[in-house]
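Student: give me a 3D structure for the following:
(2 chains)
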Amino acid sequence: MSQGDNKNLDLSYNQGRTLPRRWRSQFPLHWDADDQVSRRELLRFTVLTSGALFGGTSMLAVLDWFGTTGQARTQQVVAANQVPEGSAYYFNYPASDDQAVLLHLPGGQFVAYSQKCTHLSCSVYYKPERQELLCPCHDGVFDPVTGDPVAGPPQRALPRIRIRQENGMIIAEEETA
Amino acid sequence: MAIKTLFVDPSRCIGCRSCEAACRECDSHKGESMVMVDFIDRGKSVATQPTVCMHCNDPVAPCAQVCPVMAILITPEGVVQMAEPSRCIGCRNCVYACPFGVPKFDAEARLMKKCNLCYDRTVQGLKPWCAQACPTGALWYGDYEEFVAQRNGHPVNRTLFGTQQVNTRVYHVLPPEEPMLDIVALLREAEAKEAGTAWQDQEAWVL
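Tutor: Residues are numbered from 1 along each chain as shown, chains lettered A, B, ... in the order given. Below is the predicted model:
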């Protein structure tokens, strides 16, 4: 450091009355400049936040309860002879953006499920060679006959879509939770 | 400037310690007084004096300046607060820094305690407990103009420690003939009376 730099040094240390030094702004002496969080403030914040979370979640649960029950809408899916035994046909039901899967199980039975995994709503796919419905996101596995979860994180069965056959046509009738 | 503050008038103090008793009743430091009645020279005199926090303005609160953890904070009104218990580390810097010897260190609680001008009362316009209890007006609460209109004596809020001058929010009341409170001059005077040795000038010690 050269001699000239001394001008920029803080030499005001012992000169009595001086302007506050820069570090003082980070270590304030005054109440309003200080960001002390009191125990009471922290408690208030915690209680209000958890209350808001609880309220929000309950509201979502109530809305969910009123929103999804009884979605009955008849829709033609596909001709039964176009889905060979041991294969799947993907379609949209009940709304145009709700993915669903129709399975022609070995043995001739037709079943249909919502494609939405009950874990985190990824799409499940039919794996005929292993006889399972697989969700690739977290390796969730469902039984294609019953829709029950078999392996992986999902805990609930896939929503089943009630179907009937009429003149060789598969018709979806209702999604049951 | 109608800043309400305390006026400490030692000439009126009768040493009854009502202020201590009143202070001790406060729930924020129950059983412990933040005001001390000092017996000046017990062997020779009955003189007493209440000692409260002077709430230094300029240089602002030496106790707060030396606090390494910002436990002592100053309110917008200029009242220097007691150490925040969640922050105070019990280093006693404030005890050594205070020119008036006010902060008390509670070793058991590891916490510094001192007068906060009964902040909870004074923000609501009430008197501090000590001034409320004082029977002689040795501790008196009000603004400067009110004091001058009502009382004798000469209130000063400037104390000299050698070359270091400390302005305080709380006033000392001096006899009319005393212009200011110069501690070093008084000490030198006392020293000269005792032995005649000269005091050396003290260096400024507060930033």
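
Student: tell me the helix or strand right after the helix or strand of chain A with the lowest mean pLDDT.
Tutor: Least confident helix or strand of chain A, by mean pLDDT, DSSP states H and E, is strand A:72-79 with a mean of 84. Downstream of strand A:72-79, the next assigned helix or strand under DSSP states H and E is strand A:87-92.

Student: the next helix or strand after that next one pairs with which strands, and in what direction?
Tutor: Using DSSP H and E, the helix or strand that follows strand A:87-92 towards the C-terminus is strand A:99-104. Its sheet considered, strand A:99-104 pairs with strand A:87-92 (antiparallel), strand A:110-114 (antiparallel) by DSSP bridges.

Student: turn those strands into JSON lines, columns for distance to A:Gly152 and mean pLDDT.
Tutor: The C-beta positions use only the backbone N, C-alpha and C, and glycine is treated the same way. Below are the strands paired with strand A:99-104 laid out as JSON lines (distance: least, CB to CB, whole Å; pLDDT from 0 to 100):
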{"stretch": "strand A:87-92", "distance to A:Gly152": "19", "mean pLDDT": "92"}
{"stretch": "strand A:110-114", "distance to A:Gly152": "16", "mean pLDDT": "92"}
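
Student: out of those, deepest packed?
Tutor: A comparison of the strands paired with strand A:99-104 by mean neighbour count, using mean count of other CB atoms under 10 Å in any protein chain shown, puts strand A:110-114 on top with a mean of 21.

Student: what is the helix or strand just after that strand packed up against?
Tutor: Using DSSP H and E, the helix or strand that directly follows strand A:110-114 along the chain is strand A:125-127. The elements that strand A:125-127 packs onto, with contact taken as 3 or more CB pairs under 8 Å, 6 or more residues apart in numbering or on different chains; DSSP states H and E, are strand A:87-92, strand A:99-104, strand A:132-135.

Student: can you give me the strands in chain B?
Tutor: B:5-8, B:36-39, B:48-51, B:56-58, B:104-106, B:111-113, B:139-142, B:154-161, B:164-174, B:181-182 (DSSP state E).

Student: mean neighbour count, those: which tops it?
Tutor: When the strands of chain B are scored by mean count of other CB under 10 Å, the highest mean neighbour count falls to strand B:5-8 (a mean of 25).

Student: relative orientation of the worst-scoring helix or strand of chain B on mean pLDDT and strand B:154-161 in degrees?
Tutor: Lowest by mean pLDDT, DSSP H and E among the helices and strands of chain B is helix B:183-194, with a mean of 82. Angle, helix B:183-194 to strand B:154-161, by axes from the mean of the first three to the mean of the last three CA atoms, to 10 degrees: 80 degrees.

Student: how much space between B:Glu145 and chain A?
Tutor: For B:Glu145, the distance to chain A equals 27 Å [CB to the nearest CB, to the nearest Å].
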